[in-house]
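Chemist: For reference, the sequence and a predicted model appear below.
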Amino acid sequence: MIKRLAIVVPCYNEEEALVDTNAVLNDYLKSLIKKKLVKADSFILYVNDGSKDRTWEVISEAHKQSKYVYGLNLAGNKGHQNALLAGLMQVKDEVDMTVSIDADLQDDVNAIEEMIKKYYEGCDIVYGVRNDRTSDSFFKKFTAESFYKIMNWLGTKTVYNSADFRLMSNRALDELSLYSEQHLFLRGIATELGFKTDCVYYKRNPRLKGESKYPLKKMMAFAFDGVTSFSDKPLTLIMVMGFLAIFFSFLAVIYSVIRHFTGHTIQGWTSLFVSIWFLGGVQLVSLGIIGKYVGKTFIETKKRPRYYVESYLNHDKKK
Ligand code: UDP
Ligand code: MG
């Protein structure tokens with residue numbers, strides 16, 4: 001039995017990239033259908049994440065021209081993760097599997113075929129993993145690598161060098177729909193789901209058109225979110241740091257007492273000054289981290305909707 005596939009593509013200000021991307025994805029989907037790997041009514045879903053440019057016009061136009069193109073228009077910019085989630089949730093009951101891929105096609109579409117084969121072999125989640133980052137700048141490579149290492153150390157499990165290029169079965173998506181958090185970190189959740197998974201390796205290309213929507217500031221916020229949404233290890237670290245500082249100050253007291261009784265009173269202005277500032281800094285950072293967790297709890301307790309669907313263009317027969 002062949003199954004139905006949806007390729008879900010989040011798009012934010014991608015008018016430049018979309019025309020090429022759409023041509024590539026259309027051809028690729030047609031080839032998959034021809035090879036009888038997926039059903040003939042499989043499709044590509046573009047999710048417009050409140051773009052400020054003509055992205056939605058481009059998607060609507062493509063929808064008119066191709067029966068393979070569907071479009072989901074979100075009200076407002078909700079971020080990559082939410083846009084992707086919106087797309088996945090929109091189609092999860094209509095299809096058997098989804099593949100998510102970025103609009104800039106930095107990920108190699110040709111890996112999709114192998115993902116689908118693994119799906120037929122019984123995998124519910126198949127990760128696209130870059131085995132080579134030569135196309136990224138040194139800076140991007142370095143930050144990305146540190147990102148995975150630190151994340152894993154802090155207790156957020158992710159698949160090394162895998163982003164949001166991933167196949168998910170509708171069973172896995174049902175499971176994902178139960179995660180109702182606002183601070184969404186899909187690649188971390190995917191490893192939590194615990195289905196049979198596998199990886200497909202590919203080479204990552206440079207972005208062809210448009211520019212990266214992840215400047216350093218956004219990337220750091222994303223990494224921070226990844227850690228604080230999955231683990232409370234930072235809180236433990238703060239406590240350990242506190243104990244160490246106390247222990248250290250005890251040592252200092254003993255040391256100065258010994259010095260005092262051996263007749264060398266410590267002049268210690270500098271040491272006093274430095275330690276006050278250092279500990280003050282440590283305390284402020286610690287408060288900040290705790291504050292972030294409290295803030296997150298605050299946001300989560302409101303349980304606000306994560307996105308609003310403004311319109312949905314599709315070629316499905318009305319039920
Ligand atoms: N994106 C989105 N909403 C946003 C930012 C980005 O839907 O607020 C989409 C964007 O259009 C692209 C994907 O997320 O399809 C990844 O963004 P980008 O390629 O800029 O990230 P990078 O590859 O540089 O990490
Ligand atoms: Mg990109």
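Modeler: Perfect, I can see it now. Ligands and ions are numbered 1, 2, ... in the order given.
Chemist: so what's residue 72 up against?
Modeler: Under the criterion of C-beta atoms under 8 Å, 6 or more residues apart in numbering, the neighbours of residue 72 are 45-48, 86-87, 90, 309, 311-313. Every residue, glycine included, has its C-beta placed from N, CA and C.
Chemist: Doesn't it belong to a strand?
Modeler: Yes: membership of residue 72 in a strand is supported by DSSP: H, G, I helix; E, B strand; the rest coil.
Chemist: any idea how far residue 98 is from it?
Modeler: Note on residue 72: its distance to residue 98, by C-beta to C-beta, to the nearest Å, is 13 Å.
Chemist: Now for these two: what residues contact both?
Modeler: With C-beta under 8 Å, 6+ apart, residue 72 and residue 98 have common neighbours residue 87.
Chemist: one step back: taking the contacts of residue 72 one by one, which sit in helices?
Modeler: Members of those lying in helices (criterion: DSSP state H): 86-87, 90.
Chemist: Return the members of those residues classed as buried.
Modeler: Members of the ones in helices among the contacts of residue 72 that pass the buried threshold by neighbour count (16 or more other C-beta atoms under 10 Å) are listed as 86-87, 90.
Chemist: name the helices or strands packed onto the longest helix seen in the chain?
Modeler: Secondary structure of the chain read by DSSP H shows that its longest helix is helix 269-302. Applying 3 or more C-beta pairs under 8 Å, 6 or more residues apart in numbering; DSSP states H and E, one finds that helix 269-302 makes contact with helix 216-228, helix 233-261.
Chemist: so of those, which one's packed in deepest?
Modeler: Mean neighbour counts were compared across the helices and strands packed on helix 269-302 using mean count of other C-beta atoms under 10 Å; the top stretch is helix 216-228, at a mean of 16.
Chemist: Can it be said to contact ligand 1?
Modeler: No: Helix 216-228 stays clear of ligand 1 (C-beta under 6 Å from any ligand atom), getting no nearer than 7.3 Å.
Chemist: Show me what that helix is in contact with.
Modeler: When contacts are defined by C-beta under 8 Å, 6+ apart, helix 216-228 is touched by residues 143, 147, 150-151, 154-156, 158, 183, 185, 188, 214, 233-234, 292-293, 296.
Chemist: Leaving out sequence neighbours, find the closest residue to residue 94.
Modeler: When the adjacent residues along the chain are set aside, residue 94 lies closest to residue 316, with 6.6 Å between them (C-beta to C-beta, 6 or more residues apart in numbering).
Chemist: Tell me, how many residues neighbour the one you found?
Modeler: Close neighbours of residue 316, defined as other C-beta atoms under 10 Å, add up to 11.
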